[in-house]
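Peer 1: I need the structure of the sequence given here:
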Amino acid sequence: MECPSCGTELEHEDIFGRLFSHQDGEISGDIYRCPVAVEEEGKCDSEMFHVCGSYYMYRADGVLHEGYPC
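Peer 2: Next comes the predicted model:
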């Protein structure tokens with residue numbers, strides 16, 4: 001999967017969902033990070049996100065979203 005801002009291959013960083021011990025353990029989606037935004041200043045517009053270079057995708061819809069899931 002490519003970064004929509006610069007075309008670099010995104011790196012899988014983490015998962016998100018209801019993962020705490022008192023929850024049901026469902027994984028809602030995946031978090032990705034653009035390595036260019038993190039490592040090279042001024043090379044990718046996603047470095048301006050609240051969490052630098054982050055994208056996320058819900059597994060149910062498969063659509064890549066900008067930013068970090070809340």
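
Peer 1: the most far-flung residue of the chain relative to its centre is in what secondary structure piece?
Peer 2: Largest separation from the mean C-alpha position in the chain: His22, at 24.9 Å (CA atoms, centre = their mean). Taking DSSP states H and E as the definition, one finds His22 inside no helix or strand.

Peer 1: kindly report the same for Lys43.
Peer 2: Per DSSP H and E, there is no helix or strand for Lys43.

Peer 1: quick one, strands of this structure?
Peer 2: For the chain, applying DSSP state E gives strands covering 11-17, 27-33, 54-58, 64-66.

Peer 1: export those as a markdown table, with columns for distance to Glu40, mean neighbour count and mean pLDDT.
Peer 2: From N, CA and C alone the C-beta is placed, and that goes for glycine too. A markdown table is the format used below for the strands of the chain (distance: least, CB to CB, whole Å; neighbours: other CB atoms under 10 Å; pLDDT from 0 to 100):
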| stretch | distance to Glu40 | mean neighbour count | mean pLDDT |
| --- | --- | --- | --- |
| strand 11-17 | 14 | 14 | 95 |
| strand 27-33 | 13 | 17 | 95 |
| strand 54-58 | 16 | 21 | 96 |
| strand 64-66 | 19 | 14 | 95 |
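
Peer 1: nice, that's everything, thank you.
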